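>>> What would the 3D arrangement of this be:
(one chain, ligands or ions: 1)
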Amino acid sequence: EAALDRRDEMDVEGWRVGDPVPYAALAKAFALIEATTKRIEKTSLLTSLMLLVIQRSKAGDADSLLRTVYLCINRLSPDYTGIELGIGESLLIKAIGESTGRSLQLIKTDLKREGDLGLVAMNSKNMQKTLFKPKPLTVPFVFSNLKEIALSAGHSSQGKKVSIITKLLAACKGEEAKYIVRSLEGKLRIGNAERTVLVALAHATVLAEQERSGKKWSTEKLASRLEEGATIVKSRTSKLRCGYPCALTVGVSKLRDECKLTPGVPLKPMLAKPTKAIGEVLDRFEGKRFTCEYKYDGERAQVHRLADGTVGVFSRNSEDMSKKYPDLIEQLPHCIKENTKSFVLDAEAVAIDRTTGKLMPFQELSKRKRKDVKVEDIEVRVCLFAFDLLYLNGEPLLHKNLTERRELLRQHFEPVHFEFQFAKSSDSEKTEDIQTFLDESVKDGCEGLMVKMLESEASYYEPSRRSVNWLKLKKDYLAGIGDSLDLVVVGGYYGKGKRTNVYGAFLLACYDADSEEYQTICKIGTGFSEEALAAHYTVLQPLEMEKARGDVKVGGAKPDVWFEPKVVWEVLTADLSLSPVYTAAQGLIDERGVSLRFPRFIRVRDDKSADDATGSEQVAEMYERQVLAHDDGKKKKKRG
Ligand code: ATP
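Below is the predicted model:
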């Protein structure tokens, strides 16, 4: 009901059924969403926007809703197509100058004061006296222009980009310029977490279905349909992004079929929860059948083969990696049995020494170029370790249990020396066996074990979920170090002495998906070699900003320079503590934030984007686990 109520607030005069969606409706909705911090209110505002779009779309028009959804999550196409917005500040300043007639110097001064180029663009527009009334912006017009900007590449494209942006800005009214510029920067900053948008989409679909039926559903029926819709939509993110014509034309009851896994369209992979000790594994899986697999130290690879023989390799982030792994694609036919036509494999691509068969660490693969790798130039080859089969010969397998999926995997593929193997596994439930297997895995160059439920619904494949039915048991945890964190580098501190030409220390942050904020967590400055510092400088210097970007929740941290949040590092810590300076997980445990003590740099994670960094809830969980372990320890000591 609340959702239905807000439609009036974002409606636009003269918007009739069949008209293109006015961008003004989106801008109004965005402004309302930005003004509230309450997640439920954000969801209902988004639901209202989508309902309004559905209501004003002609039957069969799914594009209007789809483009609206895309603009709400600030994307233009599915992740894996790699089309992204992220226009640099100087280009945007130039375009704002050209469309408003203000000097670049004035715009830069405003930016320093406001810290938000969107706001500066809006204010600059509103200062301007316009003689003629521009034609109102529409969603399809904005969408296609943004896409053209994202697709133009090369040095000569700069002028073209500026002219498209100038044209868009010239037509902006009210708050539109603010959101257009933020979209171009790559972040809307209104707290529209993707999950919220998807839940709203499911809700709007269900509510539209009810409206179309002309009947008022009972609260129970409505609640269960909303729940069902949300569950399906959330777990099928990448399918939605591939251009799935939303739920508008099919209704929620058919969503499940429409959203079926299809080879060629990557699925968000299932993720694991960390565990500290074998005892914890046994507690969680008590009385259930489970398996332990080697946890290989490589890169996640989701390998798709279509019935026509086309092969695609996708990363953990649904990025197309086919051009990085031509050797893998060349090798693949060797391991496929005759009755295997189409499939989706979940696997780990690991560097291997072809003379000794020894597995090599992840770093070997990260040295590879990301594109246009030629097989003849490859020095270190890759071996694929398959651990799951998600689709086979036209049929999705997500709702089969792991025992069945594993069986099908073994029946339809065969190991090939140094090219393709099944992840080594052991199904024993005895503590001593698990310990021995863990030691073996480490000796064989792996990071530890993945422990997975084998039977019942609990072992179904859960896309995009960090599930308790998959546990990771890393050798580091046993040494008492705990799980590593993947953190975004948001600031730098100038070095001293020998280190004056580079940054000597860095400010790191985790990412809170709900508020879309980077929250500061620690300063890291020890353990870097001179070469490493020089390399980090080369990568980070071009990302320097004068002020923290608006979505960095700074707290009391005071670095010498700020960086655009982009680079992700894996870091280990000895200990987490509460801190009045940093903002990570603030409000989840305490009014203070959580910070890392004695953080240690492990490696650059260039397979993760800034938004894939460790979440604030994970940080809070880690802190709580540590407190529990500490209390346990104290009790044991007392008893002792
Ligand atoms: P996370 O977001 O969970 O932190 P991550 O990329 O940092 O992900 P880990 O937490 O270290 O990775 O562990 C999960 C990863 O381990 C998987 O994404 C996969 O790449 C890798 N892996 C190696 N062997 C296996 C296996 N047998 N089963 C599942 N995943 C495996």
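>>> which residue ranges form the strands in the stretch 201-350 of the chain?
Read by DSSP state E, counting those that start in this stretch, the stretch 201-350 of the chain holds these strands, from start to end of the chain: 271-274, 290-295, 299-305, 311-314, 343-352.
>>> wait, which of the ones you listed is closest to A27?
For the strands of the stretch 201-350 of the chain, proximity to A27 was assessed by C-beta to C-beta; strand 311-314 is nearest, at 34.3 Å. C-betas here are computed from N, CA, C, even on glycine.
>>> State the mean pLDDT of the closest one.
Across strand 311-314, the average pLDDT comes to 95.
>>> any idea how far D483 is from the residue nearest to E176 when sequence neighbours are not counted?
The shortest distance from E176 to any residue that is not its chain neighbour, by C-beta to C-beta, 6 or more residues apart in numbering, is 4.5 Å, and that residue is A27. Using C-beta to C-beta, to the nearest Å, A27 is found at 41 Å from D483.
>>> do the same with K216
In this structure, K216 lies at 49 Å from D483, with C-beta to C-beta as the measure.
>>> on that earlier part again, so who does the residue nearest to E176 touch?
If a contact means C-beta atoms under 8 Å, 6 or more residues apart in numbering, then A27 has 174-176, 178-179 as its contacts.
>>> just checking: which of these also lie near the ligand?
Filtering the contacts of A27 for proximity to the ligand (criterion: C-beta under 6 Å from any ligand atom) leaves nothing.
>>> Filter the residues you listed down to the buried ones.
Among the contacts of A27, those scoring as buried are 175-176, 178-179 (criterion: 16 or more other C-beta atoms under 10 Å).
>>> Pick the one among the residues you listed closest to H304.
Among the buried ones among the contacts of A27, Y179 lies closest to H304 (C-beta to C-beta), at 35.3 Å.
>>> Isn't L267 up against V344?
Yes - under the criterion of C-beta atoms under 8 Å, L267 is in contact with V344, at a separation of 7.1 Å.
>>> Mutual contacts of those two, please.
For the pair L267 and V344, residues contacting each of them under the criterion C-beta under 8 Å, 6+ apart are 261, 302, 390.
>>> Quick one: neighbours of the first one, just the number.
What that stands for is L261. When neighbours are counted by other C-beta atoms under 10 Å, L261 registers 20.
>>> Point out where the chain drops to low pLDDT.
Counting by pLDDT under 70, the chain contains low-confidence residues at 1-4, 78-80, 229-259, 476-482, 498-499, 629-640.
>>> Can you pull the residues of it lying near the ligand?
Proximity of the chain to the ligand is confined to 271-272, 293-296, 300, 316, 348, 387, 423, 450, 472, 486 under the rule C-beta under 6 Å from any ligand atom.
>>> one step back: could the strands of the stretch 201-350 of the chain go into JSON lines alongside mean neighbour count?
Converted to JSON lines, those look like this (neighbours: other C-beta atoms under 10 Å):
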{"stretch": "strand 271-274", "mean neighbour count": "17"}
{"stretch": "strand 290-295", "mean neighbour count": "24"}
{"stretch": "strand 299-305", "mean neighbour count": "22"}
{"stretch": "strand 311-314", "mean neighbour count": "22"}
{"stretch": "strand 343-352", "mean neighbour count": "24"}
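>>> which one of those strands lies closest to K566?
Put simply, out of these the one that sits nearest K566 is strand 299-305, at 19.4 Å, with distance taken as C-beta to C-beta.
>>> what's the angle from the closest one to strand 343-352?
Using axes from the mean of the first three to the mean of the last three C-alpha atoms, to 10 degrees, the direction of strand 299-305 lies 140 degrees away from that of strand 343-352.
>>> Once you drop chain neighbours, what's closest to L137?
The spatial neighbour of L137 that comes closest, neighbours along the chain excluded (C-beta to C-beta, 6+ apart), is Y23 at 3.8 Å.
>>> What is the burial count for the one you found?
By the measure other C-beta under 10 Å, the count of residues near Y23 is 25.
>>> Is E379 within a helix or a strand, and which one?
Following DSSP states H and E, one finds E379 outside all helices and strands.
>>> for F601, same thing?
When secondary structure is defined by DSSP H and E, F601 falls within strand 600-604.
>>> and what of E98?
With secondary structure defined by DSSP H and E, E98 is part of helix 89-100.
>>> Remind me what the following helix or strand past that helix packs against, helices and strands.
Secondary structure here is assigned by DSSP H and E; on that basis, the next helix or strand after helix 89-100 toward the C-terminus is helix 104-114. Applying 3 or more C-beta pairs under 8 Å, 6 or more residues apart in numbering; DSSP states H and E, we find helix 104-114 packed against helix 89-100, helix 117-127.
>>> Among those helices, single out whichever gets nearest to A150.
Of those, the one closest to A150 (C-beta to C-beta) turns out to be helix 89-100, at 12.9 Å.
>>> how close does the residue nearest to L137 sit to A534?
For Y23, the distance to A534 - C-beta to C-beta - is 46 Å.
>>> What are the neighbouring residues in contact with M127?
The neighbourhood of M127, defined by C-beta under 8 Å, 6+ apart, consists of 100, 102.
>>> Does the residue nearest to L137 touch V142 like I think?
Yes - look at Y23 against V142 with C-beta under 8 Å: they come within range, at 5.1 Å.
>>> tally of neighbours for the nearest residue to S428 once chain neighbours are set aside?
The shortest distance from S428 to any residue other than its chain neighbours is 6.9 Å, reached at I434 (C-beta to C-beta, 6+ apart). Neighbour count of I434, defined by other C-beta under 10 Å: 20.
>>> Pretty sure I434 sits in a strand.
No - membership of I434 in a strand is not supported by DSSP: H, G, I helix; E, B strand; the rest coil, which gives helix.
>>> how close does it get to G448?
Distance from I434 to G448, counting by C-beta to C-beta: 11 Å.
>>> I'd like the buried ones among the contacts of A27 laid out as TSV, including secondary structure.
Compiled in TSV, the buried ones among the contacts of A27 are given as follows (three-state DSSP):
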residue	secondary structure
E175	coil
E176	helix
K178	helix
Y179	helix
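>>> possible to save the residues you listed as JSON lines with distance to I165?
Listed next are the buried ones among the contacts of A27 as JSON lines, based on distance: C-beta to C-beta, whole Å:
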{"residue": "E175", "distance to I165": "17"}
{"residue": "E176", "distance to I165": "13"}
{"residue": "K178", "distance to I165": "14"}
{"residue": "Y179", "distance to I165": "13"}
